[in-house]
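K.L.:
predicted model and sequence below, questions to follow.
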Amino acid sequence: MIAAVFISLLPSVLLSGFVFPLENMPVAIRAISYCFPGRYFVTAIRGIYLKGVGLEVLWPQALMLLLFTAGIVWLSASRFNEKLG
């Protein structure tokens, strides 16, 4: 369980922009942060709470979160089918 935290949760929180601003990160690390859904979620939450913007402004973040969701659901369903068959 501790290994799962270090492998998935810790990088997700650190690279989301929640703890450290994304603008202050080196370009290479900022590029890696695009692979974590937390980046898009934190950007959307900040836009909603602090700026009061809606989906017309945050549609890129919503689209990326939907793509991550579809990918995880597809991966989960395919792995579940492998275990059944």
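P.N.:
Looks like it arrived, so ask away.
K.L.:
mind naming the longest helix for the chain?
P.N.:
In the chain, taking DSSP state H as the definition, the longest helix is helix 55-84.
K.L.:
and that one, what does it pack onto?
P.N.:
If you count contacts as 3 or more C-beta pairs under 8 Å, 6 or more residues apart in numbering; DSSP states H and E, helix 55-84 packs onto helix 37-46. From N, CA and C alone the C-beta is placed, and that goes for glycine too.
K.L.:
which residues sit in contact with the spatially most central residue of the chain?
P.N.:
The residue lying closest to the centre of the chain (C-alpha atoms, centre = their mean) is residue 37, at 0.8 Å. Contacts for residue 37 (C-beta atoms under 8 Å, 6 or more residues apart in numbering) come out as 12, 64, 65, 68.
K.L.:
lowest pLDDT pick from the residues you listed?
P.N.:
pLDDT across the contacts of residue 37 is lowest for residue 12, at 89.
K.L.:
which helix or strand contains that residue?
P.N.:
Assigned by DSSP states H and E, residue 12 falls within helix 10-14.
K.L.:
contacts for that helix next, please.
P.N.:
Counting by C-beta under 8 Å, 6+ apart, 19, 20, 36, 37, 38 sit against helix 10-14.
K.L.:
tell me the contacts of the residue nearest to the last one when sequence neighbours are not counted?
P.N.:
It refers to residue 38. In space, and not counting its chain neighbours, residue 38 is closest to residue 16: 3.3 Å by C-beta to C-beta, 6 or more residues apart in numbering. The contact partners of residue 16, by C-beta under 8 Å, 6+ apart, come to 33, 36, 38, 39, 41, 42.
K.L.:
among those, which one has the most neighbours?
P.N.:
The residue in the contacts of residue 16 with the most neighbours, by other C-beta atoms under 10 Å, is residue 39 (21 neighbours).
K.L.:
related to what we said a few turns ago, and the contacts of helix 10-14, which two are furthest apart?
P.N.:
Within the contacts of helix 10-14, 20 and 37 form the most distant pair, 17.4 Å apart (C-beta to C-beta).
K.L.:
follow-up on the earlier one: let me know the secondary structure of the residue nearest to residue 38.
P.N.:
Taken by DSSP: H, G, I helix; E, B strand; the rest coil, the conformation at residue 16 corresponds to coil.
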